[in-house]
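Participant: Turn this into a structure:
(one chain, ligands or ions: 3)
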Amino acid sequence: MKIGNSQLIKNIDNYCINDLDIPSTVLMENAALKVVKNINFEKFNSFTIICGTGNNGGDALAVARQLFSMNMKVDIFIIGEHSMSKDCLINYNILKNMGVPIKQIVKTQDIQLLNDILNKNDMIIDGIFGSGLARNIDGIYKEVIKSINKSGMYILSIDVPSGMLCDSFGILGSCVKANKTVSFEVYKKGFLDYESDKYTGEIVVESIGIPEYVVNKFHLKEYLVQKKEIKSIIKKREKYSYKGDFGRVSVIAGSKKYTGAAYLTSQGAVRSGAGLVTLCTEKSVVEILQSKTIETMIMSYENNDFKELILNSDSIAIGPGMGNNENTFNIIKDILSKDGCPLVLDADALNVLQHNLDLLKNSKRKIVITPHIGEMGRLTGIDSKNIIKNRIDIARDFSKKYGIIVLLKGYNTIITNGEEVYINSTGNSKMASGGMGDILTGIIASFIGQGYEPLKATILSAFIHGYVGDILSKDMFCVNASHIVERLPYIIENLTY
Ligand SMILES: NC(=O)C1=CN([C@@H]2O[C@H](COP(=O)(O)OP(=O)(O)OC[C@H]3O[C@@H](n4cnc5c(N)ncnc54)[C@H](OP(=O)(O)O)[C@@H]3O)[C@@H](O)[C@H]2O)[C@@H](O)CC1
Ligand SMILES: Nc1ncnc2c1ncn2[C@@H]1O[C@H](COP(=O)(O)OP(=O)(O)O)[C@@H](O)[C@H]1O
Ligand SMILES: [K+]
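Facilitator: Ligands and ions are numbered 1, 2, ... in the order given. Take a look at the predicted model:
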């Protein structure tokens, strides 16, 4: 699903109206009809409709007319004395001509009028501000929003909960706390934040009749990845396939202190369908790991066969639990400096490259890096707070600068190749536990090994990894890495239908 900000909305709007001659009231009517489509009339039959004076208010007035025409009970309020936008006024006049009463809330004393009604109707429809919110909310607007939120009634916000910014997450003084937000054309960038669902409730994005090529003309190639997109990427297995079709995946991971990281990375690859997985690790832990796994071949990277294995791999995952030391650096430097299959670099593979980023830039291989916020901070020298705030831009810039795919982990994991940005919609805080990222690294290498193009493999892996966590977390207080490993193949199978 496409993500966009208020500038994108303005550009699309202007193009439709000025270049295509689509009357703006047509778009407004489409918007209103899509809001009505999202109302469950088995539960809701009476509506308090609260309108601003811009086009968001215009949408709300058109919704009111549609509901009135369906013989629903509507109580309509306009907030403030600001002059109405052209299309808001058109819809206001139609309602007046139809004899539908509209009350105005201007002063504090008028609020009582609204409070008396709020609890009598089944639903509040919030059309005070949309993408045109420009400054801090105060005065009567703030008081009305307070009343709406205090009412405890079901609230549906049109386009954006009034008070929330579209461009990046922010509340301008006060904000409606909706149960559902019916937004138009694009998923607003402001919805991506950790805190935003407290205000948006469930988000539905509806098309309002703007041709796709018009959206594409202005869109910055930022997407939210959902199940629908994943189902179109993931392929069923052909009847005649054999293990050689699903890739030789090598995992270079682990050390005396971190055998678990090596185990989990390799299991991520095995359980997501890699044909043949070889785990290369420190000599001293080969035996321990051999006793733990069945499907994975295990060797030491000090072995003579190691170089040949690297040459014959279809993808390589490197880093988890290797230790931030010279030995790790030398292995990675050697692999980066030779041409060959794609690499997935995580954890210590990233830590040792901190001051040697040119190795990334100069490598001829396709590279995916999978830092969490802390690792990204070390790679870029930017503090964690700023990374969290500007995750999209920082990940995209880094990706572009070094010519690699970046997967920045955390809430709403970001995946970018420097041009396109994909935001993952799955995963949750119950997954915040040791070893979780190691599995993801193994899954990415596995899908690359199975022949998926690296960007697609990374998008697919992030979604699946979080999706398994989401399903498990319905019944579990916390989800551990071994639970994910166990459920992986079953849930991937479900996604292929
Ligand atoms: N192309 C599309 O996708 C389509 C979009 N559509 C809809 O249009 C919506 C955007 O409409 P919009 O641009 O008119 O802005 P909107 O949010 O109604 O607010 C502007 C008004 O609020 C005022 N105002 C601002 N801040 C304020 C404050 N703090 N306190 C007080 N007042 C404040 C501002 O005043 P001004 O700054 O002009 O003085 C102005 O009067 C969009 O969200 C969607 O619902 C559909 O119709 C179909 C096509
Ligand atoms: N709050 C959260 N929401 C969504 N996903 C999360 C959340 N917390 C952790 N995760 C996921 O769990 C994994 C943790 O990875 P990482 O930090 O590398 O852990 P480790 O180093 O222990 O393996 C990442 O894939 C991350 O996206
Ligand atoms: K709104």
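
Participant: List the contacts of I373.
Facilitator: Contacts for I373 were tallied using Cβ atoms under 8 Å, 6 or more residues apart in numbering; they are 384, 387-388, 391, 408-410. In this view, the C-beta of every residue, glycine as well, is placed from N, C-alpha and C.

Participant: how near is it to ligand 3?
Facilitator: As judged by Cβ to the ion, to the nearest Å, I373 and ligand 3 stand 32 Å apart.

Participant: can you check D159 too?
Facilitator: Distance from D159 to ligand 3, by Cβ to the ion: 6 Å.

Participant: hang on, isn't that residue packed against I128?
Facilitator: No: counting by Cβ atoms under 8 Å, D159 stays clear of I128, with 10.7 Å between them.

Participant: Now list whatever residues contact both of those two.
Facilitator: Each of N56 lies in contact with both D159 and I128 under the rule Cβ under 8 Å, 6+ apart.

Participant: So what's the residue count around the residue nearest to K283 when sequence neighbours are not counted?
Facilitator: Leaving aside its chain neighbours, K283 sits nearest to S300 (4.1 Å; criterion: Cβ to Cβ, 6 or more residues apart in numbering). Using other Cβ atoms under 10 Å, S300 is surrounded by 14 other residues.

Participant: what's near enough to touch Y411?
Facilitator: 194, 427, 429.

Participant: Pull the distance from stretch 468-478 to the chain's centre.
Facilitator: Distance, stretch centre to chain centre, for stretch 468-478: 19 Å (Cα atoms, centre = their mean, to the nearest Å).

Participant: Repeat that for stretch 109-123.
Facilitator: In terms of Cα atoms, centre = their mean, the centre of stretch 109-123 is set 36 Å apart from its chain centre.

Participant: Quick one: end-to-end distance for it.
Facilitator: Using Cα to Cα, to the nearest Å, the span of stretch 109-123 from its first residue to its last is 23 Å.

Participant: which stretch of helix or strand covers whatever residue of the stretch 301-450 of the chain ends up closest to ligand 2?
Facilitator: Nearest to ligand 2, among the residues of the stretch 301-450 of the chain, is G437, at 2.2 Å (Cβ to the nearest ligand atom). Using DSSP states H and E, G437 falls within helix 436-449.

Participant: for stretch 363-381, which positions count as buried?
Facilitator: Across stretch 363-381, burial judged by 16 or more other Cβ atoms under 10 Å covers 363, 365-373, 375-380.

Participant: That stretch and ligand 2 in contact?
Facilitator: Yes: interface with ligand 2: stretch 363-381 contributes H372 (Cβ under 6 Å from any ligand atom).

Participant: Check stretch 403-411 too.
Facilitator: Yes: judged by Cβ under 6 Å from any ligand atom, stretch 403-411 and ligand 2 are in contact via 409-411.

Participant: rewinding a little: include distance to ligand 1 and neighbour count when you put the contacts of Y411 into TSV, please.
Facilitator: Converted to TSV, the contacts of Y411 look like this (distance: Cβ to the nearest ligand atom, whole Å; neighbours: other Cβ atoms under 10 Å):
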residue	distance to ligand 1	neighbour count
Y194	23	12
G427	29	25
S429	31	13
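
Participant: Out of the residues you listed, which comes closest to ligand 3?
Facilitator: Closest to ligand 3 out of the contacts of Y411 is Y194 (21.2 Å), distances taken as Cβ to the ion.

Participant: how far away is the closest residue to the closest one other than its chain neighbours from I137?
Facilitator: In this structure, Y194 finds its nearest non-sequential neighbour in Y411, 5.5 Å apart by Cβ to Cβ, 6+ apart. Applying Cβ to Cβ, to the nearest Å, the value for Y411 to I137 is 27 Å.

Participant: correct me, but I405 touches V368?
Facilitator: Yes: between I405 and V368 there is a contact under Cβ under 8 Å: 4.4 Å.

Participant: Need the overlap of contacts for these two.
Facilitator: Counting by Cβ under 8 Å, 6+ apart, the residues touching both I405 and V368 are 454, 458.

Participant: ok, N11 - contacts?
Facilitator: Neighbouring residues of N11 by Cβ under 8 Å, 6+ apart: 217-218.

Participant: Any figure for the gap between it and ligand 2?
Facilitator: For N11, the distance to ligand 2 equals 32 Å [Cβ to the nearest ligand atom, to the nearest Å].

Participant: Next one, pLDDT for the residue nearest to K283 please.
Facilitator: You'll see S300 listed with a pLDDT of 95.

Participant: Kindly state the beta-bridge partners for it.
Facilitator: T281 (DSSP bridges).

Participant: Now do the strands in the stretch 201-350 of the chain.
Facilitator: Along the stretch 201-350 of the chain, counting by DSSP state E, counting those that start in this stretch, strands occupy 202-206, 222-225, 248-252, 276-281, 297-300, 315-318, 343-345.

Participant: got JSON lines for those strands, with distance to ligand 3 too?
Facilitator: Formatted as JSON lines, the strands of the stretch 201-350 of the chain follow (distance: least, Cβ to the ion, whole Å):
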{"stretch": "strand 202-206", "distance to ligand 3": "13"}
{"stretch": "strand 222-225", "distance to ligand 3": "20"}
{"stretch": "strand 248-252", "distance to ligand 3": "49"}
{"stretch": "strand 276-281", "distance to ligand 3": "51"}
{"stretch": "strand 297-300", "distance to ligand 3": "58"}
{"stretch": "strand 315-318", "distance to ligand 3": "45"}
{"stretch": "strand 343-345", "distance to ligand 3": "42"}
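
Participant: Give me the buried positions along stretch 201-208.
Facilitator: 201, 203, 205-206, 208.

Participant: What residue in the stretch 101-250 of the chain comes nearest to ligand 3?
Facilitator: Closest point on the stretch 101-250 of the chain to ligand 3, by Cβ to the ion, is S162, at 4.1 Å.

Participant: same thing with the stretch 251-400 of the chain?
Facilitator: As assessed by Cβ to the ion, ligand 3 sits closest to I392 within the stretch 251-400 of the chain, at 24.2 Å.

Participant: Surely that residue and Y422 touch.
Facilitator: No: shown here, I392 and Y422 do not form a contact pair, counting by Cβ under 8 Å, at 10.3 Å.

Participant: Alright, calling it a day.
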